[in-house]
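Engineer: kindly generate the corresponding structure for this input.
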Amino acid sequence: MKNKFPQIVTIAIVSLYLIFLAGAFVRMTGSGMGCPDWPKCFGYYIPPTEEEQITWKPNTEFKKGMIIIKNETLFVSENDLKTGNEFNLNNWSEYTKHDYATFNKFHTWTEYINRLVSVLAGFVFLFLIYASTKFWQKNKTIPLLSFGAFFLMLFEAWLGKTVVDSNLTPTIITIHMVVGLIIIGILLRLKFIISEKNTVYKYDKLFNRLLIISVIFSLIQIAMGTQVRQFIDEQVKLYGFENKNYSLMNPSFKFYFHRSFTIAIVLVNFGMFYLNQVKNLGYTLVNWIVFLIFLETITGILMYYAEIPMGTQAIHLLAGAFLFGLQFYLLQQSRKVG
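Structural biologist: Got it, this is the predicted structure:
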C-alpha cells in the first residue's frame with residue numbers, strides 16, 4: 001500500500017477535479033435544485049425518472065421521508081403510509097426549506113450524478129488516509145495532510161447539504177468552492193512531498209513573491225466569480241432562460257471587480273512568465289499557466305458578449321480550478337532552494 005500511495009494521491013486529485021467538473025455542469029444547466037433534499041433525492045436513494053413517481057395518487061404506498069408534488073407544492077411523508085381515496089394532510093408536512101416545486105428529470109439526474117461523483121471521491125479519500133498511516137514513523141506530515149484533506153471533504157459534504165437547504169445561498173456556494181480549492185492545495189502539497197522531495201529547482205526571490213501574489217489573486221477571482229455566477233442565475237430565473245441577454249442587465253460592483261481584476265492577474269502572471277524566460281529558471285508549468293489565463297479570458301469574453309454559449313461556463317470554472325492548482329504546485333517548486 002505504501003508503494004501505491006503516489007498513485008492514490010493522483011487519483012484523489014483527479015477525483016476532486018471531476019467533482020469540480022460535475023459541479024460546473026450543474027451550475028451551467030441550472031440543476032442545483034434538481035434534488036430538493038439531501039442526501040436522498042425526493043426521498044429516494046436512486047432518484048425518480050418520471051414525475052408520476054412523485055405525484056400523489058390514491059391507494060399508493062409511500063415511505064417515510066418521500067417527497068411529492070401536489071398543487072405546485074412539495075410535501076414530505078411523516079411516516080410509512082398507504083394513501084386513501086382523498087389526500088390527508090395529516091400524513092404529510094409541507095417542505096418549507098425552499099419553494100422549488102418543479103420536477104425536471106434532466107436536472108434531477110444531473111444533480112444526482114454530481115452527488116454520486118462526490119461519494120465515489122469519498123471512498124478514494126478513505127484509501128488515502130489508510131495508506132498515509134504507513135508513513136507515520138517516517139514522515140508525520142504525510143498522514144496529517146491526508147487526514148486534513150479527508151476531514152475537509154466531510155466538511156464539503158456538509159456544505160453541499162447546506163447549499164441545498166439554503167436554496168443556493170451565494171456565500172455558502174463561495175465557501176464550498178474555496179474549501180474545494182484548499183483540498184486541492186493539500187493534495188498537491190502531498191504529491192510534491194512524495195514525488196519531488198529530492199528535486200532541486202532554481203530559486204528567484206522576485207519570481208516567488210509574484211507567484212504568491214498570483215495564488216492569492218486566483219483565490220479572490222474564483223471566489224468573486226461564484227458570486228457573479230449567482231447573480232446571473234438570479235437574473236435568468238427572473239427573465240427566463242430564453243432571455244439570457246438580460247442576465248447582465250444592471251450588474252453589481254462584483255461583476256465589474258471580477259472583470260477588471262483580470263488585468264491585475266494577467267500582469268502578475270505575465271511578469272512571472274517574463275522572469276522565467278529572462279533568468280532561464282526552467283519552470284515549465286509557467287507556460288501552462290499562461291495558456292489557462294488565455295483560456296479563462298476568452299471564455300469570460302464569450303460568456304459576456306455571446307450570451308453564455310453552451311459549455312463556456314464549465315470550461316471557465318474548470319480552467320480556473322486548474323490554474324489555481326498549477327500555481328500552487330509551482331509555488332512548492334519555486335520555494336525549494338537548492
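
Engineer: for residue 81, what are its contacts?
Structural biologist: 61-62, 91 (C-beta atoms under 8 Å, 6 or more residues apart in numbering). To be clear about C-beta, it is placed using only N, CA and C from the backbone, and glycine gets the same treatment.

Engineer: same question for residue 214.
Structural biologist: 265, 268-269, 272, 289, 327.

Engineer: are we agreed that it is in a strand?
Structural biologist: No. Counting by DSSP: H, G, I helix; E, B strand; the rest coil, residue 214 is not part of a strand but helix.

Engineer: ok so, going back, between the contacts of residue 81, which is nearest residue 134?
Structural biologist: Distance to residue 134 across the contacts of residue 81 (C-beta to C-beta) is lowest for residue 62, with 48.2 Å.

Engineer: state the pLDDT value of that closest one.
Structural biologist: Model confidence at residue 62, given as pLDDT, is 85.

Engineer: roughly how far does it sit from residue 69?
Structural biologist: Noted for residue 62: a distance of 13 Å to residue 69, by C-beta to C-beta, to the nearest Å.

Engineer: looking at the two, which is more packed in?
Structural biologist: Shown here are residue 62 and residue 69; by other C-beta atoms under 10 Å, residue 62 has more neighbours (23 against 18).

Engineer: now that one: closest residue in space, sequence neighbours ignored.
Structural biologist: residue 77 (4.7 Å; C-beta to C-beta, 6 or more residues apart in numbering).

Engineer: just the buried ones from the contacts of residue 214?
Structural biologist: 265, 268-269, 272, 289, 327 (16 or more other C-beta atoms under 10 Å).

Engineer: residue contacts, residue 128?
Structural biologist: Applying C-beta under 8 Å, 6+ apart, the residues near residue 128 are 8-9, 12, 146, 149-150.

Engineer: let's see it at 6 Å
Structural biologist: 8, 12, 146 (C-beta atoms under 6 Å, 6 or more residues apart in numbering).

Engineer: return the closest of those residues with respect to residue 135.
Structural biologist: Among the contacts of residue 128, and counting by C-beta to C-beta, the member closest to residue 135 is residue 146, at 8.7 Å.

Engineer: quick one: that closest one is in a helix?
Structural biologist: Yes. Counting by three-state DSSP, residue 146 is part of a helix.
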